[in-house]
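In: Please work out how this folds:
(one chain, ligands or ions: 1)
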Amino acid sequence: MTAALLLLIAVNLACGNMVSAKNTFSIDYKNNCFLKDGKPFQYISGSIHYSRIPQYYWKDRLMKMYMSGLNAVQVYVPWNFHEAVQGVQNFTGDQDLEYFLHLANQTGLLVIMRPGPYICAEWEMGGLPAWLLQKPSIRLRTADTDYMQAVSTWLAVLLPKMRPWLYINGGNIITVQVENEYGSYYACDYNYMRHLRTLFRSFLGEDVVLFTTDGNTDKEMICGTLEGLYATIDFGTDTSVAEAFKRQRQFEPHGPLINSEFYTGWLDHWGDQHAMVDARKVSRVLGEMLTMGANVNMYMFEGGTNFGYWNGADHDSRFRSVVTSYDYDAPLTEAGDPTEKLLAIRDVVAQFREVPSGPIPPATPKFAYGFVTLKKVGNVSSLLDLISPLGPVKSHYPLTFEEMKQYYGYMLYRTALPRDLNEPTPLISPLNGVHDRAYVSVNGTFQGLLERDTTLVMNITGKQGDTLDVLVENMGRVNFGSKINDHKGLLSDLILGKDILTDWQIYPLDIDGAIVRGWPHSVYQKTPPSTHTKTAAGPAFYYGTLPPNGLAWDSFLKLKEWTKGQVWINGVNLGRYWPARGPQRTLYVPGPLLRNSLPNNITVLELEGAPAHLQVLFMDRPQLSTTAGKS
Ligand SMILES: CCCCNC(=S)N1C[C@H](O)[C@@H](O)[C@@H](O)[C@H]1CO
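Out: Alright, predicted model coming up:
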């Protein structure tokens, strides 16, 4: 053990007893630790995102975290999860943040709150609402007046809700993070961070511990830290603990050592191999940090799911969308099942604090409901009156999702072919303006696709006047780095041969609204759709029912030999599937969304091509790591 490490250990073990004082939580700079009610306190925490777990299961996950020996949980607040539409804030049901805090409190868990306003988290646009992009020139995560106006309005709603939950006010929130890894962002705008510090102090008071988190490099710490905000770092199992905390000490010579995000696993993009981190490495490095008296938050402890359209994306060399599962190879699986990694972590924690006696609550029961054969409803192009009831907006040039004031999901761009295309003719996105994937049909016949960064040209044929339909999918906005101002739709013109395509009819698609209102089952339950080939390539809806069987247990939906699309069960949007690319091959189906005595409505939007068998399979185990190509 190096001298530096020994010194760090010695200093941090010197955290002595102080005068006890009820409901206080502060930093003891003399003894390099937190003081909770005047006594030394070390948090051993795990990240859990309520926005990725059905409310029904919040208590189950929190209990498992408590029984694992944790004394705190770390929570992000995704702004867009609560305010998807500007000015309409939702804190009910799965958005009931205060109920989540109550359950954590009831379970005996303290809370490290991370309200953003930006959170990264592989979440759509890092938690920022897409309606911010209605001002195309907005400079996100800076002192930009329009951005700060929206942030101030949001925090004026959120932070007063958090104030009573502060530990120093009798609640369970012990510390609050300002922004998120700001040092990783290009802007390095100290006025922005000062604005936020003022807002957080004005709503939360002078006594709560405010902190920042950054990667442990000089540049990140220089741009991410600010006077009055305690600087913490994040790192995983492949970083030297001593080196990392030495970096923190450069910015916080005194006070507790803190790793705010100790990566227990990692995220997956579509097309990746499923990321896994060895449990023995996690245990070893966790033990090393706890031996030094450091405070550690394990990111993630329970990952959950990117339901609906909530997944984010990364854009380094190219755009890479994050998968629906946020399993993260975390100690609790996506479905909340304890793993060997959790047991190994609990054994380490038991060396430093008493872990609750008794068993870890078991995995929730899973059930393999078997096969369901679906029926085709029809091609997207033929169903616009149902899924786009407001009808098209006419525009000479294409409009983006944000200009159309639809922020998530899918949008259909329609125009007429300007001339006969007797030979295959290139349809080109010369400025790489398809964000993110476009499914192209002529007169309802699928002819291929364009994809951001990878497929900028495809060939089509047809006759003058034929209907050209371009269905564009928003695959999740970039959540990290300088490209988070990620507009969606057709951001630039499409060229057909040498002609710029114009005179568009742009259909916003409210698929979720139609399905919540009972479509397509309410329409076709009695009279199945008349014609339609059983399958054909191209964007189309399929539907079926899983019969009730007296059980509403968790399950995993496998769409074997389907290509790419979206699934809804009983009106709930389960998220995206893409078995053609992987690594994820099944979608998590939380038992509470199933009905045990009524038929369960299944709706599938297949974007490229359904298999002839039209079957989907409910299994009792997930498949998150099969390599592409295997089904
Ligand atoms: C591939 C680039 C990932 C950037 N994100 C990083 S470093 N991370 C830090 C970030 O604070 C957290 O929200 C998560 O996004 C985490 C990765 O799971």
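
In: give me every residue that touches the residue nearest to G312 when sequence neighbours are not counted.
Out: Closest residue in space to G312, ignoring its immediate chain neighbours: N479 at 3.1 Å, by C-beta to C-beta, 6 or more residues apart in numbering. Placement of C-beta: from N, CA and C, glycine included. Going by C-beta atoms under 8 Å, 6 or more residues apart in numbering, N479 touches C120, A121, E122, W123, E124, M125, G126, G127, G312, A313, D314, V322.

In: With adjacent residues omitted, what lies nearest to the residue of the chain found nearest the ligand?
Out: Going by C-beta to the nearest ligand atom, the ligand is nearest to C120 of the chain, at 3.5 Å. Residue nearest to C120 in three dimensions, not counting chain neighbours: G126, with 4.7 Å by C-beta to C-beta, 6+ apart.

In: For L343, give its distance to Y577.
Out: 31 Å (C-beta to C-beta, to the nearest Å).

In: Pick out whichever of these two has more residues nearby.
Out: The residue with more neighbours, out of L343 and Y577, is Y577; 27 against 14, by other C-beta atoms under 10 Å.

In: residue boundaries of the strands in the stretch 1-150 of the chain?
Out: Assigned by DSSP state E, counting those that start in this stretch, the stretch 1-150 of the chain shows strands spanning 25-28, 33-36, 39-41, 44-48, 72-76, 110-114.

In: looking at those strands, which is buried most?
Out: strand 44-48 (a mean of 27; mean count of other C-beta atoms under 10 Å).

In: okay, now the closest residue to A150 other than its chain neighbours: neighbour count?
Out: In space, and not counting its chain neighbours, A150 is closest to L132: 6.0 Å by C-beta to C-beta, 6+ apart. Using other C-beta under 10 Å, L132 is surrounded by 22 other residues.

In: list the contacts for L132?
Out: Neighbours of L132 in contact, by C-beta under 8 Å, 6+ apart: I138, L140, D146, Y147, A150.

In: Could you list the low-confidence segments of the stretch 1-150 of the chain?
Out: For the stretch 1-150 of the chain, the stretches with pLDDT under 70 are 1-20.

In: Surely G127 touches R114?
Out: No - between G127 and R114 there is no contact under C-beta atoms under 8 Å: 9.7 Å.

In: Now do the shared contacts for these two.
Out: By C-beta under 8 Å, 6+ apart, the residues touching both G127 and R114 are Y76, V77.

In: Of the contacts of L132, grab the buried ones for ChimeraX.
Out: In ChimeraX, a selection of the buried entries from the contacts of L132 looks like this (16 or more other C-beta atoms under 10 Å):
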select :138,140,147,150
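
In: Now do E288 against R280, distance only.
Out: 13 Å.

In: So if I had to pick from these two, which one is more boxed in?
Out: E288 (17 against 12).

In: And the residue nearest to G312, what's its pLDDT?
Out: For N479, the model assigns a pLDDT of 98.

In: cool, and S522?
Out: The predicted local confidence for S522 is 88.

In: Now name the helix or strand holding L159.
Out: helix 145-162 (DSSP states H and E).

In: which residues touch that helix?
Out: Contacts for helix 145-162 (C-beta under 8 Å, 6+ apart): 77, 79, 82-83, 86, 89, 91, 97-98, 113, 115, 117, 129, 132, 135, 138-141, 173, 176, 192, 195-196, 199-200, 203-204.

In: Hmm, P426 is touching L456, no?
Out: No - judged on C-beta under 8 Å, P426 makes no contact with L456 at a distance of 9.7 Å.

In: between the two, who's got more neighbours?
Out: When P426 and L456 are compared for neighbours, L456 comes out ahead with 17 against 14, by other C-beta under 10 Å.

In: Show me which residues of this protein sit near the ligand.
Out: C120, A121, E122, N180, E181, E261, L267, D314, F480 (C-beta under 6 Å from any ligand atom).

In: Reformat these as TSV; add neighbour count.
Out: Converted to TSV, these look like this (neighbours: other C-beta atoms under 10 Å):
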residue	neighbour count
C120	23
A121	27
E122	28
N180	27
E181	23
E261	23
L267	23
D314	19
F480	20
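
In: Which pair in these has the greatest spatial separation?
Out: Pairwise distances across the residues of the chain next to the ligand peak at 16.2 Å for E261 and D314 (criterion: C-beta to C-beta).
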